[in-house]
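Peer 1: sequence first, predicted model second:
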Amino acid sequence: MDIEYLLLLQNFRNAIGDALTPFLETASLFAITLLVVVPAFVYWCVGKREGLFALAAWSMTCAVNSAIKLTACVYRPWIRDPRILPAGNAIATAGGYSFPSGHTATAGPLYGSFALQTWNKARPVAWICVALILVTGFSRNYLGVHTPQDVVVALVESALALFATCRLFDWLSRHPERENAVLLVGFAAGWALLAYVTFKPYHVDVVDGAILVDPQRMMIDAYGDIGQLICFCVARFVDRTWIRFKPVFDRRTVAWGIAGAVILCIAINMGGHGPSDAPVAAQQWGKFVQRGAMIFFVMVFWPLMMKLGIRDQESGIRS
């Protein structure tokens, strides 16, 4: 039934000459290439708690999503049925196993966090965020790279992660002295998940003497997703212990925020998946470092640069 649904969308796509494909490819790609810039800018310039909430929910969802992917080990639709022909260039960003959808698991907590935080302040913005979640999820079906089950389960993961993050943030607002213990639990859980996906047994299908899907290569994105959770916990500890960054919305911080967003966009789009001819283990740890570096840039390096830069500007003005 899920394959029939994808074939129905594929026939519609062909009937209209791929007219909607560029828009839905852009919506899908935005979720994993540029969307992280939004919580980063909010973290630096608007509200630290709001940005931190989005980053926490996203990191949690990504780690859980990858663990489920490498437990279920569901093949992509075009592997399950050769009649499925993904649209445009969507297959290039469809790495790893299929279930659940990683793009949806990124859009869900990031858009969803801002939907929650603007629900009582700017309801139209909240509805736009909800619509963008649904568009991202639908785009993965329309482009032929995920089944409806993949998207629905990713949406459920996102909702649960947002609920858990809400409860956790409310609890920590009453017990801030417990945050280091929570970060330690998250750090340990991340390493436990990484050990699980690395050492668990995997079923390997061989067709005509060749491995159909190599589980080792499927781990590459998981190392990035789980590594992000681990590095989030470390980065948050570093910030609250030594940096203690406090954003102030003014012309100087916005200028710094725009500069940081540009650097982050360039870094994300230059990162890619690493050299494909490198050993698989090197690609796995390379992805871990890449995603960890991104989180450290957002939560540690750029806030520190902002503090030092703005302080130097103030010193220059006083002198």
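Peer 2: Yes, it's here.
Peer 1: please count neighbours and contacts with C-alpha atoms only from this point.
Peer 2: OK.
Peer 1: and the helix ranked longest in the chain, what does it pack onto?
Peer 2: Taking DSSP state H as the assignment, the helix of the chain that covers the most residues is helix 148-174. Other elements packing on helix 148-174 under the criterion 3 or more Cα pairs under 8 Å, 6 or more residues apart in numbering; DSSP states H and E are helix 48-72, helix 102-118, helix 123-142.
Peer 1: save those as JSON lines, and put in distance to residue 20 too.
Peer 2: Output for these, formatted as JSON lines (distance: least, Cα to Cα, whole Å):
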{"stretch": "helix 48-72", "distance to residue 20": "28"}
{"stretch": "helix 102-118", "distance to residue 20": "18"}
{"stretch": "helix 123-142", "distance to residue 20": "9"}
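Peer 1: for the following helix or strand past the longest helix of the chain, buried residues please.
Peer 2: Sequence order places helix 179-199 as the next helix or strand after helix 148-174, per DSSP states H and E. By 16 or more other Cα atoms under 10 Å, the buried positions in helix 179-199 come out as 179-180, 183, 186-187, 189-190, 193-194, 197-198.
Peer 1: which one of those residues is nearest residue 224?
Peer 2: Nearest to residue 224, judged by Cα to Cα, of the buried residues of helix 179-199 is residue 194 at 10.0 Å.
Peer 1: and that closest one, what pLDDT?
Peer 2: On pLDDT, residue 194 comes in at 97.
Peer 1: same check, this time on residue 32
Peer 2: pLDDT for residue 32: 81.
Peer 1: ok, it - contacts?
Peer 2: Taking Cα atoms under 8 Å, 6 or more residues apart in numbering as the criterion, residue 32 is in contact with 103, 106-107.
Peer 1: again, 7 Å this time
Peer 2: Taking Cα atoms under 7 Å, 6 or more residues apart in numbering, we find residue 32 in contact with 103, 106.
Peer 1: check residue 301 too.
Peer 2: Contacts of residue 301 by Cα under 7 Å, 6+ apart: none found.
Peer 1: how near is it to residue 156?
Peer 2: 33 Å (Cα to Cα, to the nearest Å).
Peer 1: again with residue 264
Peer 2: Distance check for residue 264 against residue 156: by Cα to Cα, it reads 29 Å.
Peer 1: more neighbours: which of those two?
Peer 2: More neighbours surround residue 264 than the other of residue 264 and residue 156, with 21 against 14 (other Cα atoms under 10 Å).
Peer 1: next SSE after the helix or strand harbouring the more buried one?
Peer 2: Assigned by DSSP H and E, residue 264 belongs to helix 251-271. Following helix 251-271 in sequence order, the next helix or strand is helix 280-296 (DSSP H and E).
Peer 1: what angle sits between that following helix and helix 48-72?
Peer 2: Computed with axes from the mean of the first three to the mean of the last three Cα atoms, to 10 degrees, the direction of helix 280-296 lies at 160 degrees from that of helix 48-72.
Peer 1: which strands and helices sit next to helix 280-296?
Peer 2: Helix 280-296 sits against helix 215-238, with contacts defined as 3 or more Cα pairs under 7 Å, 6 or more residues apart in numbering; DSSP states H and E.
Peer 1: and the helix it packs on, C-alpha only, in CSV?
Peer 2: Extracted in CSV, the C-alpha atoms of helix 215-238 (Å, rounded to 0.1, in the frame of the first residue of the first chain):
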residue,chain,number,x,y,z
PRO,A,215,25.3,-1.4,7.0
GLN,A,216,28.8,0.2,7.7
ARG,A,217,28.0,3.0,5.2
MET,A,218,24.6,3.4,6.7
MET,A,219,26.2,4.3,10.0
ILE,A,220,27.9,7.4,8.6
ASP,A,221,24.9,9.7,9.1
ALA,A,222,24.2,8.0,12.5
TYR,A,223,27.6,9.0,13.8
GLY,A,224,26.8,12.6,12.9
ASP,A,225,23.3,12.6,14.4
ILE,A,226,24.4,10.9,17.7
GLY,A,227,27.6,12.9,17.8
GLN,A,228,25.5,16.0,17.7
LEU,A,229,23.7,15.0,20.8
ILE,A,230,27.0,14.2,22.6
CYS,A,231,28.6,17.5,21.5
PHE,A,232,25.5,19.5,22.4
CYS,A,233,25.8,18.3,26.0
VAL,A,234,29.5,19.2,26.1
ALA,A,235,28.9,22.6,24.5
ARG,A,236,26.1,23.5,26.9
PHE,A,237,28.4,22.6,29.8
VAL,A,238,31.2,24.7,28.5
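Peer 1: packing partners of it?
Peer 2: In terms of contacts (3+ Cα pairs under 7 Å, 6+ apart), helix 215-238 is packed against helix 48-72, helix 179-199, helix 280-296.
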